[in-house]
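1. Sequence first, predicted model second:
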Amino acid sequence: DQAGRGRPLPGRNGRGRYRGYRGGPGRTPPGIVVGRHNSSAASVFSWHKVVLKNGTKYDKIALLKELLAKCSVKFIPICYTKQAMNTYFYLEDQTAARALKELDRQIEMPDGFQLQINIERTTPPNMPLTDELVDKIKVVMSKRYIADHKALNLKSFHTDEGFAGESFYAPLWRSNVMNKVLTVIIDNIPELKAIDLSNNKLNSSSLEFFSTFKSKAKDLTILYLADNKIPDTKPLERLKGLELVDLKLTGNPVVTNLGSSYTATIRKIFPKLQFLDGKELAKEIGFDDDEPTTSSDMPVTIPKMMKNEAANGVVLTFLEQFFKLYDSDNRQPLLDAYHESAMFSLSAQGRHDLLTAYIPESRNLKRVDYEKKRHELLRKGRLSVVAFLSTLPKTEHDMNTFTLDVPFTSESLMTFTVTGCFRERGTKQSNIKHFNRCFLVVPQNSGFCIINETLFVSSATDLSTRKAFLNPPPNTVAAPVPDLDQAAKQTLAVAFSEKSGMNLQFSAKCLEENGWDFDKAGAVFSEAKTKGIIPPEAYAK
């Protein structure tokens, strides 16, 4: 398909024209705009394809050595390939292409024939990312890694001599190649401290994998991205959180696009930066306890917003009861708070080691692209919802940090959002977390119940952490277990079986012996498992 786009069509004056907008055997590199009205052909077909007539008759190494010896300009043959009786390779250097053109029929081969050299303008080669190419990439990377300094030099990566004369092309500006290179780093040298990605034609899409790379290469402090095609700070925002001390961006459009705000903008993304584009930055004067000031033009932050004041008492009473049950040692009484057809989903953002109970269950649709997994993470039905909530760590919420928004109320529907801080009880996680719960409720009997809920969890900001839990925590009281019908007991038994690995009979027995308290039964099971007193038949399915 790609080669077909590059075939010339018959035109006037016996010369061909390239069909369509993109032409040539490969994708156009970043920074080059292709179109019918582009006046400069050189700006589109910036590469050159060197065709050696009857090149397969001669030894590849000997042929390339002869060309390098006779050519007045040093060059690196990229993606050397056989095609019928001919061989060809690609050049990125226009000067080298002209020098080779001058050697047409000027080199006598061992069989007495004059070597014919044809030069064609073209776009870069488009090679599939095969296992063989990946292995070659790893070899080239290993040669460029300086173990003593934990530094990796990937400057002008695709022109490395390790690729010369081979049928490979590995440009880092192609996102699939860049992603593979970053994956190799994560899997093999996560302790990396410095990396040079200069002169690789990188743009925003080339660096889309950086957000994942950031959380894996936490020791990275030196990053060179000079002489690329980065237009703005979006790719750099993906690296926010890395404690970079040395960054190079010279030769990128972002430098001129930001103008006088360039240095200040970059320092906001990387506050610990000491060197930018090779120049030492002056130290910023500030205080750790400084809190952000609010402009007088900005509206004052209010902890509670009510569209309908009549709903104020009802919502506040509901939230007080809800979080009292949620923070208790037993969340099963929350069954009465959810509709029979309730739906619930959880999303989490932040470091995995600080949100170990939440990240694996996160239904972030921008990250979970597998349709089956999306359905599995969506809890449906009140039994399924409360069973899942019971598996989350026990918590303690600070209601003094709560904010409440009630934007819509009616006789048949009401929605409200609560945010605030909480911390876990009974775990090693001592950090303060931030939550955002959005409830959609409908009338039921004399009150209302939750028909839809979304919960978002992240680590709290430094300012929120300092303000949370200033008052001593109240004592949590275990809530009474509600009466369960047979269907509810069956659902709890299925959930307990999935969590413990025991069959349904023993799971139901364990729950029954512990008053159908899911958390208590789980603790008893864990203790029995540790002691090795669970009979083998408990696991027989």
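-> Great, that's in hand. Quick caveat: nothing in here was measured; it's all calculated off a predicted structure.

2. which residues does the residue nearest to L63 when sequence neighbours are not counted contact?
-> Distances taken as Cβ to Cβ, 6 or more residues apart in numbering place G55 nearest to L63, at 6.4 Å, with adjacent residues excluded. C-beta here means a position set from N, CA and C on the backbone, and glycine is covered the same way. Listed by Cβ atoms under 8 Å, 6 or more residues apart in numbering, the contact set of G55 reads L63, K82, M85, N86, T87, Y88.

3. residues contacting the third one?
-> M85 makes contacts with K53, N54, G55, T56, K57, as judged by Cβ under 8 Å, 6+ apart.

4. Tell me, how many residues neighbour the first one?
-> Here the number of neighbours of K53 (other Cβ atoms under 10 Å) works out to 17.

5. if I read this right, it contacts Y88, doesn't it?
-> No. Contact criterion Cβ atoms under 8 Å: K53 and Y88 do not qualify, at 9.9 Å.

6. low-confidence ranges in the stretch 151-300 of the chain?
-> Applying pLDDT under 70 to the stretch 151-300 of the chain flags residues 165, 167, 284-300.

7. all strands for it, in order.
-> 151-153, 194-196, 222-224, 246-248, 275-276, 279-280 (DSSP state E, counting those that start in this stretch).

8. can you check the stretch 301-450 of the chain too?
-> Going by DSSP E, counting those that start in this stretch, the stretch 301-450 of the chain shows strands at 304-306, 338-349, 379-380, 394-409, 414-425, 433-444, 447-459.

9. any idea which of the contacts of M85 is closest to Y224?
-> Proximity of these to Y224 (Cβ to Cβ) peaks at G55, which lies at 37.9 Å.

10. what about that closest one, distance to E132?
-> Remark: distance between G55 and E132 (Cβ to Cβ, to the nearest Å) = 22 Å.

11. likewise I61?
-> Where E132 is concerned, I61 sits at a distance of 19 Å (Cβ to Cβ).

12. Tell me which of these two has more neighbours.
-> E132 (12 against 9).

13. A strand includes that one, no?
-> No. Counting by DSSP: H, G, I helix; E, B strand; the rest coil, E132 falls outside a strand, being helix.

14. so what's it closest to, chain neighbours aside?
-> Per Cβ to Cβ, 6+ apart, closest to E132 is F168, 8.0 Å.

15. count of neighbours near the one you found?
-> 22.

16. what does the one 5 residues further on give?
-> Neighbouring residues of W173 were enumerated by other Cβ under 10 Å; the total is 22.

17. swap in D232?
-> With other Cβ under 10 Å as criterion, D232 counts 14.

18. who are the neighbours in contact with it?
-> Shown in contact with D232 (Cβ under 8 Å, 6+ apart): S204, V254, N257.

19. Among those residues, find me the one that's closest to L325.
-> Among those, and counting by Cβ to Cβ, the member closest to L325 is S204, at 46.5 Å.

20. so what's that closest one up against?
-> I230, P231, D232, K234, P235.

21. Can you give me the distance of the first one to E66?
-> So that's I230. I230 is 40 Å from E66, by Cβ to Cβ.

22. Count residues in the vicinity of Y326, would you?
-> What Y326 shows, counting by other Cβ under 10 Å, is a neighbour count of 20.

23. right, and it touches K394 too?
-> No. Look at Y326 against K394 with Cβ under 8 Å: they stay out of range, at 9.3 Å.

24. With adjacent residues omitted, what lies nearest to E320?
-> Nearest one to E320, counting by Cβ to Cβ, 6+ apart, is M399 at 7.9 Å.

25. what about that neighbour, distance to T465?
-> 16 Å.

26. Which pLDDT value goes with A147?
-> pLDDT for A147: 91.

27. That one - how many residues pack around it?
-> Neighbour count for A147, taken as other Cβ under 10 Å: 9.

28. show me what contacts it?
-> A147 neighbours (Cβ under 8 Å, 6+ apart): none.

29. Identify the residues contacting the closest residue in space to S72 that isn't next to it in sequence.
-> In this structure, S72 finds its nearest non-sequential neighbour in A99, 4.8 Å apart by Cβ to Cβ, 6+ apart. By Cβ under 8 Å, 6+ apart, the contact set of A99 is C71, S72, V73, F75.

30. and the first one, what does it touch?
-> Going back to what we said before, that points to C71. A96, A99, L100, L103.

31. can you pick the most crowded of those?
-> L100 (24 neighbours).

32. a strand runs through that one, doesn't it?
-> No. Under three-state DSSP, L100 sits outside any strand and is assigned helix.

33. From A62, how far off is it?
-> Counting by Cβ to Cβ, the gap from L100 to A62 is 17 Å.

34. Tell me where the model's unsure across this structure.
-> Ranges of the chain meeting pLDDT under 70: 1-45, 165, 167, 284-302, 471-484.
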